[in-house]
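*Asks:* pasting a predicted model and its sequence here:
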Amino acid sequence: MKKLFLLSIVLVSQAAAAQFQVWSNSFDTPADLQGWTTYDLNNNGNGWVQGQNIYFNGTALTYGTSGTLRYSVSLVPTGNAPSFGTENDWIISPQISLEGASGTISLAAYIGRQRTTHLNFGRDLFIYVSTPQKPVPTLADFQAMTVDGNGNDVASPYRIIAGTLSNPFPNDLTQFKENLIDISAFAGKKIYIGLWSNRKSTGNNLQNINIDEMAIYASTFLGTKDVKKKENLTKITENPVNEFLQLQLNPGCNENKTEVNIYNMNGQKVLSVSYNRSVNVASLEAGMYIAEVSDGKITERLKFIKK
């Protein structure tokens, strides 16, 4: 069921520009929820899980073969869960870095329904931006996004949704439908994504969903464009690099204020240290990287290969 390898082709035809993957999660195994946080606020043991997709086979609910992020009843095939009418459950992603991303940024999700009667549904994505004062959000930060000052429900402007006239579900309940969300507003930020499921008599009332996988793509990344057209005065003295990145600093930089940030070719920051003539990169996997050297006034970016 995994289709994300097709996404860049689709986006090229739509936007006439390549899209590069920033982040993804296939939800194939329980290990894929490492770093995610779940909240079962009505304490009934039913909530967001990683597991096989669930669908109605004409007789009862049954398991499919795709690994998914799933929200449904905990009991299959009976389709029951204690206190299902009072569900109030969250799942919050680990930090997702868009620091190296710019241009058009799209979040892709592959959504599956569980019954033919589910003509359309989706999930609001409540997106929290890290700040120096509060880099990691709490559940309360996400809950605050769902209501206004009078306690009325507020829908997020970012929603994964399928089953609309323009984006109908496949007839086959074991198949998934792609949905794209523009999150370009978060370029250069570190974000967390929260999804909420609940049962309420009015307002937001979102249940029963299979998410085959999610990914974020951007049209521009550090390392996918020319790093710098003008000549850098900071030099890498040996390239390719084995264990230590040897740097000869730009004489105009303030050595005591200079930091070195290293990004992989997906634009993700993988190392951040204070400047040293010899930066230990032994922990990095083999491949191409970008070293960003900055004292706050002068910033230079240099490509290097880690052996």
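*Replies:* Done, it's in.

*Asks:* and for the protein, the residue most distant from the center?
*Replies:* Pro251 (38.9 Å; CA atoms, centre = their mean).

*Asks:* tell me how far that one lies from Gly45.
*Replies:* In this view, Pro251 and Gly45 are 63 Å apart by CB to CB, to the nearest Å. Any C-beta I mention is one placed from the backbone N, CA and C, and that applies to glycine too.

*Asks:* repeat for Asn198
*Replies:* 16 Å.

*Asks:* before we move on, what about Leu33?
*Replies:* Taken as CB to CB, the span from Leu33 to Gly45 is 17 Å.

*Asks:* so which of the two has more stuff around it?
*Replies:* Neighbour tally, Leu33 and Gly45, criterion other CB atoms under 10 Å: the higher count belongs to Leu33, 18 against 10.

*Asks:* nearest spatial neighbour of that one, chain-adjacent residues omitted?
*Replies:* Gln50 (4.8 Å; CB to CB, 6 or more residues apart in numbering).

*Asks:* the one you found: which element?
*Replies:* For Gln50, the element it lies in under DSSP states H and E is strand 49-56.

*Asks:* run me through the strand neighbours of that strand, direction for each.
*Replies:* Sheet pairing of strand 49-56 (DSSP bridges) gives strand 61-71 (antiparallel).

*Asks:* so what touches the strand it pairs with?
*Replies:* Residues outside strand 61-71 that contact it (CB atoms under 8 Å, 6 or more residues apart in numbering): 1, 25-29, 32-33, 47-56, 72-73, 76-79, 89, 91, 112, 114, 174, 176, 197, 207-214.

*Asks:* which residues in the stretch 1-150 of the chain form strands?
*Replies:* Secondary structure of the stretch 1-150 of the chain by DSSP state E, counting those that start in this stretch: the strands cover 20-25, 37-40, 49-56, 61-71, 88-92, 96-97, 101-112, 121-129.

*Asks:* put together CSV for those, with distance to Glu292 and mean neighbour count on each row.
*Replies:* Output for those, formatted as CSV (distance: least, CB to CB, whole Å; neighbours: other CB atoms under 10 Å):
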stretch, distance to Glu292, mean neighbour count
strand 20-25, 17, 20
strand 37-40, 30, 15
strand 49-56, 35, 20
strand 61-71, 33, 20
strand 88-92, 29, 20
strand 96-97, 13, 21
strand 101-112, 14, 22
strand 121-129, 21, 20
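
*Asks:* a markdown table for the ones you listed, including distance to Asn232 and mean pLDDT?
*Replies:* Below are those laid out as a markdown table (distance: least, CB to CB, whole Å; pLDDT from 0 to 100):
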| stretch | distance to Asn232 | mean pLDDT |
| --- | --- | --- |
| strand 20-25 | 23 | 85 |
| strand 37-40 | 41 | 93 |
| strand 49-56 | 44 | 90 |
| strand 61-71 | 43 | 89 |
| strand 88-92 | 39 | 92 |
| strand 96-97 | 24 | 92 |
| strand 101-112 | 20 | 90 |
| strand 121-129 | 31 | 87 |
